[in-house]
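A.B. asks: give me a model of this one.
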Amino acid sequence: MTAKGFVCAEDGHIVNILPPIDAHSGGAKSSDVFSLREHAHCSILIQMGVVSTAVPVLTLVACSDFTPSSTSALPFALYKYETAAYTAGADVSGGRAAEPTTGYQMALTNSIMYAIEIDAAELPAGYPNLQLKFTDPGYAVMISAVAILSGSRFGVAISDTEIA
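C.D. replies: Numbering: from 1, shown residues only. Here you go, the predicted model:
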């Protein structure tokens, strides 16, 4: 970590877990499964672009492996940036909200963002991996997600993949 702050690309590991996609096209969507085995913390940034008439429910699951062979729904800490982008306050969260294992119904607002914060210690034994799941909203909704892993156990400048 530098004196200026946390440099994601050097002090952490960035994983593009869900490139921009229409959450309705082809049914429910899931992100790539990624590992927290080598890191202590994960910040997941979720962006939602154009919203039509309905929005998905967002859930977070712990996974036993990368397949995933077995999953366990998790409660999670969610920061909601539900003011539309390009307006005053769009970069201000609504504060930390505790979401249940059943997930969170995303807001019906264009160009918003969410942040999930989770520590590796919160994962159940035997489930070192994570995955986001989005229900099919029935209408077009553009979403994407990036995971920023921090607290590396080994602190290398170029870390190994966390999605395989």
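A.B. asks: from Gly49, how far out is Asn110?
C.D. replies: 7 Å (CB to CB, to the nearest Å). (Glycine included, C-beta is placed from N, CA and C.)
A.B. asks: helix or strand: which one has the spatially most central residue of the chain?
C.D. replies: When CA atoms, centre = their mean is applied to the chain, the residue found nearest the centroid is Ile44 (3.4 Å). In the assignment (DSSP states H and E), Ile44 maps to strand 39-51.
A.B. asks: okay, now the sheet partners of the helix or strand following that strand, with direction.
C.D. replies: Going down the chain from strand 39-51, the next helix or strand is strand 57-63, by DSSP H and E. Applying DSSP bridges, strand 57-63 is found paired with strand 71-74 (antiparallel), strand 104-105 (antiparallel), strand 129-134 (antiparallel).
A.B. asks: Ala121: which of those strands is closest?
C.D. replies: For Ala121, the closest of the strands paired with strand 57-63 is strand 71-74, at 12.4 Å, according to CB to CB.
A.B. asks: so where do the strands sit in the chain?
C.D. replies: Remark: strands assigned in the chain by DSSP state E are 13-22, 29-30, 34-35, 39-51, 57-63, 71-74, 76-81, 96-99, 104-105, 112-119, 129-134, 141-152.
A.B. asks: my guess is Ile14 contacts Leu45. True?
C.D. replies: No: judged on CB atoms under 8 Å, Ile14 makes no contact with Leu45 at a distance of 9.9 Å.
A.B. asks: so what does the lowest-mean-pLDDT helix or strand in the chain touch, helix or strand wise?
C.D. replies: Ranked by mean pLDDT, DSSP states H and E, the helix or strand of the chain with the weakest confidence is helix 8-11, at a mean of 81. Applying 3 or more CB pairs under 8 Å, 6 or more residues apart in numbering; DSSP states H and E, we find helix 8-11 packed against strand 141-152.
A.B. asks: the strand it packs on: which residues count as buried?
C.D. replies: Within strand 141-152, the residues that count as buried by 16 or more other CB atoms under 10 Å are Val141, Met142, Ile143, Ser144, Ala145, Val146, Ala147, Ile148, Leu149.
A.B. asks: present those residues as CSV; the columns should include pLDDT and distance to Ala98.
C.D. replies: Formatted as CSV, the buried residues of strand 141-152 follow (pLDDT from 0 to 100; distance: CB to CB, whole Å):
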residue, pLDDT, distance to Ala98
Val141, 87, 24
Met142, 90, 27
Ile143, 93, 22
Ser144, 96, 24
Ala145, 97, 20
Val146, 98, 22
Ala147, 97, 20
Ile148, 96, 21
Leu149, 94, 22
